[in-house]
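1. give me a model of this one.
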Amino acid sequence: MIRLLRAPLRPVTYSRWLHLCVPVLLLAIWMFINPRWPWMPLLIVIPFGFVPWVRLAEGLQARFLLTPQEQEGDGGGRTIGMAPSARWADRWRTVLWLEIRLVVAGAAMFATVWLPVEAVELVTVAVGNPLGADLSLPFTPPRWAAALLAPVPLLLLVLIVVLLGELITTIARRLLGPSAAERLTALEARTEQLLERTRIARELHDSIGHALTVAVVQAGAARAAGNPEFTDRALGAIEETGRAALEDLERVLLVLRESAQPPSQRPTLLEADRLLESARASGAEVDAQLTGPLEKLPGPVTREGYRILQEALTNVLRHCGPVPVRVRVAMAPGGLELEVTNPLPERPAVTRGGGSGLRGMRERAALLGGQAETGLHEGGWRVRARLPLERIP
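-> Prediction:
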């Protein structure tokens, strides 16, 4: 009841009313041509239902007039498709939709024309004016009764419009809704979008987290040292790391904005020296050994290997401070092996918050069919990852 009372104030009521009245144009034109066969439009629209683009036009019209609220957001709740007929099942559903739409439009047209006429006649009787012989009322009520009954046809019109609007919207969702193939395509696109967002979140965590960690460690070391020469080196390292982080951030923002400009190349293990020098500039003694033809690594392996190495060094600086670090990156038969080990200090560096770096390293390795292990090893901490090559195209 409350919904019915609110219906005249809802814009969707009038947009659905407009949708109901659109087929009336075809019915009105046919009534001028041959009023003796009022059912003929039902046969005329059948061939149009088999035209693939008619389904697209009907879907657009139904989407914007019957469910305008579904235009907001990212489209996850949309239930009316906007695509041409791809299969014969879609064409037959379009034919059935056109037939039902004409029938419902006929009922809406009758109510839209007849009920306001009844209201006008009741008002005429209520004010005491005589009615002609073409009176459509079944009987002439007294003036006081006509005054009370005058709003009834208009209220009944609103009720019919609301009910027919709900009915035609339900039918549109059923007959014009996306097919199983279209739903699967939309689901795959949505999954790809979520995976891309997850990848971007990892990229930001790794690159920005590494840059901030290096900057914090460098600034703290420079303040504690009190040496102008060391301070200059620390500021240079902070500047270089910050510039690299800004490049990564700019690339990610280009992806988020869906710019037409292609994103810059993601860093690879060929650029690992940048990470090693950044760690050394932070005070850590890095013993690095990179062996094998790393330039021949597949793109996914070398990019994810760079990120795993970056996160491992970031964790060392964040949790242990400038301690000796041993880095080994080598091409093994069938895969890339990466190992980062460091001793644990007696008083670990104080950090705030719980990061997701360890989980991110394991997820990166798992996506390539490999594995990453993190944990205590011979009194220190070790990150060990193996990324296979045979599964990468």
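2. what does the host helix or strand of residue 61 contact?
-> In this structure, residue 61 sits in helix 52-65 according to DSSP states H and E. Contact with helix 52-65 is made by 15-16, 18-19, 22, 48, 70-71, 78, 80-86, 90-91, 94, 97-98, 169, 172, 176, as judged by Cβ atoms under 8 Å, 6 or more residues apart in numbering. In this view, the C-beta of every residue, glycine as well, is placed from N, C-alpha and C.
3. any chance you could map the helices in this structure?
-> Secondary structure of the chain (DSSP state H): helices located at 2-6, 11-21, 24-33, 40-49, 52-65, 88-126, 143-149, 151-175, 180-225, 228-256, 272-281, 299-319, 357-367.
4. and residue 386, which of the ones you listed is closest to it?
-> helix 357-367 (7.4 Å; Cβ to Cβ).
5. okay, the angle between the closest one and helix 299-319?
-> 170 degrees (axes from the mean of the first three to the mean of the last three Cα atoms, to 10 degrees).
6. list the buried ones in the helix holding residue 61?
-> 54, 55, 56, 58, 59, 61, 62, 63, 65 (16 or more other Cβ atoms under 10 Å).
7. that helix to helix 88-126, inter-axis angle?
-> 40 degrees.
8. could I get the average pLDDT for helix 52-65?
-> For helix 52-65, mean pLDDT is 89.
9. run through the stretch 51-200 of the chain and note the low-pLDDT ranges.
-> The stretch 51-200 of the chain contains residues with pLDDT under 70 at 71-78, 130-139, 179-189, 191-196, 199-200.
10. can you pull the domain assignment for the protein?
-> What automatic domain parsing lists as the domains of the chain is 2-178, 184-388.
11. most tightly packed of the helices of the chain?
-> helix 299-319 (a mean of 23; mean count of other Cβ atoms under 10 Å).
12. got the angle between that one and helix 272-281?
-> 0 degrees.
13. distance check, residue 235 against residue 210.
-> 18 Å (Cβ to Cβ, to the nearest Å).
14. what does stretch 376-391 contact?
-> Contacts of stretch 376-391 (Cβ under 8 Å, 6+ apart): 297-298, 301, 304-305, 308, 312, 315-316, 320, 332, 334-344, 361, 365, 368-375.
15. can you point out the buried residues in that stretch?
-> 381, 382, 383, 384, 385, 386, 387, 388, 389.
16. I'd like the mean pLDDT over it, please.
-> Stretch 376-391 comes out at a mean pLDDT of 86.
17. distance between it and the chain's centre?
-> Here stretch 376-391 shows a centroid-to-chain-centroid distance of 36 Å under the convention Cα atoms, centre = their mean, to the nearest Å.
18. contacts only, for the residue lying closest to residue 127 once chain neighbours are set aside.
-> Distance criterion Cβ to Cβ, 6 or more residues apart in numbering; nearest residue to residue 127, sequence neighbours excluded, is residue 143 at 7.9 Å. Residue 143 is in contact with 125, 126, 127, 128, counting by Cβ under 8 Å, 6+ apart.
19. right, and out of those residues, which lies closest to residue 154?
-> residue 126 (13.9 Å).
20. that closest one touches residue 140, doesn't it?
-> No. Applying Cβ atoms under 8 Å as the test, residue 126 and residue 140 come out as separate, 11.3 Å apart.
21. for residue 169, see how far away the closest residue to residue 69 other than its chain neighbours is.
-> Nearest residue to residue 69 in three dimensions, chain neighbours excluded: residue 12, at 6.9 Å (Cβ to Cβ, 6+ apart). Using Cβ to Cβ, residue 12 is found at 9 Å from residue 169.
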